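J.: no sequence on this one, just coordinates:
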């Protein structure tokens, strides 16, 4: 299409051969980006003046976070543990449920293309839904507390792990699977012995990786009432008690750091 | 002990290790079961669940196709504008930081300090930045833009630095043999390599920023999140339905296009 | 003409890479440099365009004393010498044509250099160079979409666009399969004969060297131990260059390569 609007330039070489020089996309792309930027500045009310005048407010808050309020630490353990519990349980259950769902979404195992496309579509929708939004919906159904957060993480984990898993299954080597089917194993049995061992290490490693990310998500879910340390975080900010916010963020950073390193250690062993 | 027995025993050891891991994971799992609390749910939960599902299945079509400032379309455009501007600002500001944190460009101690600073920036969740920037600009999309910029700086600098650290320097040798100066080597040997990768990273970040920007409204930093939470708090599930449909569609479309462009940039097809 | 007189290259760590080299290469010759890895082949070639500095003796290329050049003079001197590498050394994420155009970069005025605006004549020259190596139709393809042999041809076209008197090639076919290697060697032969460009090539593949080059220089532990027509090379010469045991290995490996 592009070539029709911007006709390629003809270059004729000394020996008579003709080369079509494609027009560069760069000026067009730059123009679009420029227009989009101006438009966005207009829509969002972006103003350099405000930044210059008031950005110090940001650092004032940052400054009040340091030093953090150490005396607040004992009150943090319970919500912090809740956050970890939520992500652990949600990730574990989600990863388990993701396995059958991923099989249903694999076009090389399930012959019905309708089932495969519906499951794939549902998975993309679930994956697109921001965790915070599903947590918010969950609080209406399950009430305020860790249950809502667990459900939100559970749903996201299914979507994330199942997507990566069905991509793995679809790319797996099918020779052994067909051989086993031919000697009379059922499809489930053949999957168990031919495909499952191929995707197992990656499945476990993906689940661990998802768990790492979930700890980060879980920490803010409390903001919408879905349990864990996010609740204290929103309280601290609401009451402008930034020294408390500082200690919460510090504890969170340490927790995330420890969990990420542990999980990375095991993921390296797997692959 | 012959070789076969040795082999058998070594297998056992491995099993032992795996068993222990399983036991630990299982204990942690049981421990975390206490996160399940159904006592808060009661009977109203089920009714609400039913309402939510009917609401989402019967979205408020007026709102969905409304083209005024209250309509879903405008809110989505506002969300995109927040994500876009934040990505652009972050993409530019991240370049110097990326070079400052690449250990093959600057001295190791400086790279280390920059890296720590970037990890610090990345540790704080987007929502917290949103709340802090609201104190600077007041509620609205402007706060969202600043939040997205800061988040993008943290993420992009790291990914840029990874690209800079595994640049293909062999092309520089051939440019030396052609008689190029240092400036020419950077302009024609390094920038073309970086440009394709950086663009691909930036497009990916825009994709992620769009998702983050859609929840920033929850704290009042503009975009579609605020109307979403209002609709929920007032149990207008048809509105929630139309907003969610718009949001999911937009994110899926952007994801599809971004994957296409990135494949073309990185792999060339 | 390239003239080595008592050339010596000693690395800072004390390794003597070239020792007392004396030889002359006339314009239009096709020379293959053979020897074990680490014998000093690569250093030999890189001294000619001053990618390496020599530590003693004199090296004269086209009536210029190479060691005496400074800064800008070195870059100007290199403009007339093309160089081809084992790993092609191209910017893979951009088009073939842009890679070839790089050879005109030092000639551009500053503002054109910044924006990457090449003149029409330069584009024509670059395209002609691509035509000479038979990949004109790939001009707007990204390099990473090409096979190894095609990539080496892009590198060759980049060098031709420089319009050089001399082409130095450092193991140009080592990363290629035997069939493609033969094709690339044919390209070098064509360039050497039709355009009268001197070709000096490092190559560990003895059979290819004997089949294509006119003259063979054998290097062993930094010294030239053989210098003569390729027709004069026989088993005892190879034994001398490689040492007895290795020379059999080298031939065997070559034979294996040819049968792939």
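T.: Now that the structure is in, tell me what you want to look at. What you see is a predicted model; the values in this text were computed from it and never measured.

J.: CA only for contacts and neighbour counts going forward, please
T.: Fine.

J.: Which of the helices or strands spans the residue most central in space within chain B?
T.: Centroid-nearest residue in chain B, with Cα atoms, centre = their mean: residue B:208, separated by 3.6 Å. Using DSSP states H and E, residue B:208 falls within helix B:191-216.

J.: And the helices in the stretch 1-150 of chain C, which stretches?
T.: Using DSSP state H, counting those that start in this stretch, the helices of the stretch 1-150 of chain C run over C:41-48, C:71-78, C:96-101, C:110-115, C:120-132, C:148-161.

J.: hang on, the earlier thing: what about the helix holding residue B:208, average pLDDT?
T.: Regarding helix B:191-216, the rounded mean pLDDT is 91.

J.: Stretch A:62-79 now?
T.: The model assigns stretch A:62-79 a mean pLDDT of 85.

J.: What is the neighbour count of the residue of chain C found nearest chain A?
T.: Nearest to chain A, among the residues of chain C, is residue C:124, at 6.3 Å (Cα to the nearest Cα). By other Cα atoms under 10 Å in any protein chain shown, 18 other residues sit near residue C:124.

J.: Could you verify that residue C:194 is part of a strand?
T.: No: counting by DSSP: H, G, I helix; E, B strand; the rest coil, residue C:194 is not part of a strand but helix.

J.: ok, now how distant is it from chain B?
T.: Note on residue C:194: its distance to chain B, by Cα to the nearest Cα, to the nearest Å, is 22 Å.

J.: Now do that residue: how many residues are near it, please.
T.: By other Cα under 10 Å, neighbour count at residue C:194 equals 9.

J.: got a list of what it touches?
T.: Residue C:194 makes no contacts at all, as judged by Cα atoms under 8 Å, 6 or more residues apart in numbering or on different chains.

J.: one more time with 10 Å, if that's ok
T.: Contact partners of residue C:194, counting by Cα atoms under 10 Å, 6 or more residues apart in numbering or on different chains, are residue C:28.

J.: which residues does residue C:41 contact?
T.: By Cα under 10 Å, 6+ apart, the neighbours of residue C:41 are C:17-18, C:32-35, C:170-171, C:201-204, C:217-224.

J.: can I assume residue A:110 is in contact with residue A:103?
T.: Yes: counting by Cα atoms under 10 Å, residue A:103 is a contact partner of residue A:110 at 7.4 Å.

J.: Touching both of those two, which residues are there?
T.: residue A:116.

J.: which of those two has more neighbours?
T.: Counting neighbours by other Cα under 10 Å for residue A:110 and for residue A:103 shows that residue A:103 has the greater number, 21 against 14.

J.: Mind telling me what element that one is part of?
T.: helix A:77-104.

J.: residue contacts, residue 152?
T.: Just going to use chain A. Shown in contact with residue A:152 (Cα under 10 Å, 6+ apart): A:86-87, A:90, A:94, A:129-139, A:146, A:214, A:217-218, A:221, A:226.

J.: hmm, I had chain B in mind actually
T.: Counting by Cα under 10 Å, 6+ apart, residue B:152 has contacts B:83, B:86-94, B:121-122, B:146, B:158, B:202, B:205-206, B:208-209.

J.: One more pass at 8 Å, please.
T.: Counted by Cα under 8 Å, 6+ apart, residue B:152 has contacts B:86-87, B:90-91, B:94, B:205, B:209.

J.: burial count for residue 153?
T.: Assuming you mean chain A. Residue A:153 - counted by other Cα under 10 Å - has 32 other residues nearby.

J.: Hmm, no, I was thinking of chain B.
T.: Residue B:153 has 26 neighbours, counted by other Cα under 10 Å.

J.: swap in the one 5 residues further on?
T.: Residue B:158 sits with 23 neighbouring residues when counted by other Cα under 10 Å.

J.: go on, the one 5 residues further on?
T.: A count of nearby residues for residue B:163, using other Cα under 10 Å, gives 18.

J.: which SSE is it in?
T.: helix B:141-165.

J.: Buried ones in the helix holding residue B:208, by neighbour count?
T.: Buried residues in helix B:191-216, defined by neighbour count with 16 or more other Cα atoms under 10 Å in any protein chain shown: B:192-194, B:196-216.

J.: And for stretch A:76-88?
T.: For stretch A:76-88, by 16+ other Cα under 10 Å, it's A:76, A:79-80, A:82-88.

J.: The residue in the stretch 101-250 of chain A that chain C sits nearest to: neighbour count?
T.: Closest residue of the stretch 101-250 of chain A to chain C, Cα to the nearest Cα: residue A:171 (22.8 Å). If you count neighbours by other Cα under 10 Å, residue A:171 ends up with 12.

J.: likewise residue C:20?
T.: With neighbours defined by other Cα under 10 Å, the count for residue C:20 comes to 16.

J.: Which residues are in contact with it?
T.: C:5-8, C:57, C:223.

J.: same thing with residue A:221?
T.: With Cα under 8 Å, 6+ apart, residue A:221 has these contacts: A:132, A:135, A:149, A:227-228, A:230-231.

J.: if you set the cut-off to 6 Å instead, what comes out?
T.: Counting by Cα atoms under 6 Å, 6 or more residues apart in numbering or on different chains, residue A:221 touches residue A:230.

J.: same deal with the one 3 residues further on?
T.: Counting by Cα under 6 Å, 6+ apart, residue A:224 touches residue A:136.

J.: Give me the buried positions along the helix or strand harbouring residue B:96.
T.: Assigned by DSSP H and E, residue B:96 falls within helix B:72-100. Using 16+ other Cα under 10 Å as the test for burial, helix B:72-100 gives B:72-95, B:97-100.

J.: what do you get for stretch B:219-233?
T.: By 16+ other Cα under 10 Å, the buried positions in stretch B:219-233 come out as B:219-229, B:231-232.

J.: for chain A, what are the nearby residues on the stretch 151-269 of chain B?
T.: Taking Cα under 6 Å from any Cα of the partner chain as the contact definition, the stretch 151-269 of chain B meets chain A at residue B:248.

J.: ok, for the residue of chain C closest to chain A, nearest residue in space, not its chain neighbours?
T.: Among residues not flanking residue C:124 along the chain, residue A:13 sits closest, at 6.3 Å (Cα to Cα, 6 or more residues apart in numbering or on different chains).

J.: Now that we have the contacts of residue A:152, which of them are buried?
T.: The neighbour count (16+ other Cα under 10 Å) marks A:86-87, A:90, A:94, A:129-139, A:146, A:214, A:217-218, A:221, A:226 as buried among the contacts of residue A:152.

J.: wait, residue C:219 sits on residue C:36?
T.: No: using Cα atoms under 6 Å, residue C:219 is not in contact with residue C:36, being 7.9 Å away.

J.: separation between residue A:133 and residue A:228?
T.: Between residue A:133 and residue A:228 the computed distance is 16 Å (Cα to Cα, to the nearest Å).

J.: Packing partners of the helix holding residue B:96?
T.: Applying 3 or more Cα pairs under 6 Å, 6 or more residues apart in numbering or on different chains; DSSP states H and E, one finds that helix B:72-100 makes contact with helix B:141-165, helix B:191-216.
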